[in-house]
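S.K.: Sequence first, predicted coordinates after that:
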Amino acid sequence: ALSLVKLGATPIRFQDLLCCKEIQASSSFIAMEVLLLCLAIRRNKQLRRVDFSEVSANLTVDTVKDLVDSLRQLRGSGCPALDEVCFKGVNLFPRDMEDGSGDVLDLNGPKVVMDRSFLAPLLVFVLEKGRFLKSLDFRNNEFGHETEHIIDAVLTLEREGRLTTYNGVPIHGVAKEEFSLEKEPVMPHGICVFASTYLARSS
């Protein structure tokens, strides 16, 4: 069986990608090695945690889509959701969000807008499964051309799940005549969700 693959400076122990419970992408990984990891783990039914925090610069929307395809295949084969998926500044806990032990997803970090468009396909995937989520906070996060997909996933979760708050905004409305979003970094996607939920029902 294939044991080593060399795409960059250091050979990768290919069998580890197929059987280890925890995998951490090395900071030495080049983009093709990150892609190989994302594709190979679809055969790893033991996987519980994967960490991309040291290779965020080599992650693209397409690479993360391949990761999501792998996670879908694992779920389709009967494997439970992963315990944790890590990126630089972001830790996601798919199993907790799916079984209801975690009902908040908060990506609102430093008061600097972050471009996390590469992460959007994975966020959409976990939102599809996270029907117990009550609060999402994606303030100070931009998703570029993937924004529409994020909005659609949030609106689906609001209709079919238990979501009540998005980017600090109560999407079911507030019991007062005046509601201000002044100086709040709710982001364009937050305004779209607010307009499609509370405002739409109030008109």
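M.R.: Yep, that arrived. Only a predicted model underlies this, so the values are computations on that prediction, with no experimental measurement involved.
S.K.: Every contact and neighbour count from this point should use C-alpha atoms.
M.R.: Fine.
S.K.: And the strands in the chain, which stretches?
M.R.: 4-5, 12-13, 22-24, 49-51, 84-87, 90-92, 104-106, 114-115, 135-137, 141-142, 165-166, 169-170 (DSSP state E).
S.K.: what's the offset of the second one from the middle of its chain?
M.R.: Pointing back at strand 12-13 there. With Cα atoms, centre = their mean, to the nearest Å as the basis, strand 12-13 stands 26 Å off its chain's centre.
S.K.: helices or strands next to it in the packing?
M.R.: strand 4-5 (3 or more Cα pairs under 8 Å, 6 or more residues apart in numbering; DSSP states H and E).
S.K.: Report the rounded mean pLDDT for the strand it packs on.
M.R.: Rounded to a whole number, the mean pLDDT of strand 4-5 is 72.
S.K.: How about stretch 114-126?
M.R.: Here the average pLDDT along stretch 114-126 is 97.
S.K.: and that stretch, how far apart are its ends?
M.R.: One end of stretch 114-126 sits 20 Å from the other (Cα to Cα, to the nearest Å).
S.K.: Give me the contacts around it.
M.R.: Contacts to stretch 114-126, defined as Cα atoms under 8 Å, 6 or more residues apart in numbering, come from residues 59-62, 64-65, 67-68, 94, 97-98, 140-147, 149-150, 153.
S.K.: what sits against residue 91?
M.R.: 84, 85.
S.K.: picking that back up, out of the strands of the chain, nearest to residue 188?
M.R.: Ranking the strands of the chain by proximity to residue 188 (Cα to Cα) places strand 141-142 first, at 8.8 Å.
S.K.: measure residue 59 to residue 127 for me?
M.R.: Residue 59 is 20 Å from residue 127, by Cα to Cα.
S.K.: what's the answer for residue 77, then?
M.R.: Taken as Cα to Cα, the span from residue 77 to residue 127 is 20 Å.
S.K.: more neighbours, the two?
M.R.: When neighbours are counted by other Cα atoms under 10 Å, residue 127 comes out ahead of the other of residue 77 and residue 127, with 23 against 12.
S.K.: ok, now which ones touch the more buried one?
M.R.: For residue 127, the contact set (Cα under 8 Å, 6+ apart) comprises 153, 154, 157.
S.K.: ok, now with 10 Å
M.R.: 94, 97-98, 105, 121, 133, 136, 150, 153-154, 156-157, 161 (Cα atoms under 10 Å, 6 or more residues apart in numbering).
S.K.: Helices of the protein, start to end?
M.R.: Remark: helices assigned in the chain by DSSP state H are 14-19, 31-40, 61-76, 94-99, 120-129, 147-160, 187-194, 200-202.
S.K.: got those helices as TSV, with distance to residue 46 columns?
M.R.: Output for the helices of the chain, formatted as TSV (distance: least, Cα to Cα, whole Å):
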stretch	distance to residue 46
helix 14-19	6
helix 31-40	13
helix 61-76	10
helix 94-99	14
helix 120-129	19
helix 147-160	28
helix 187-194	36
helix 200-202	45
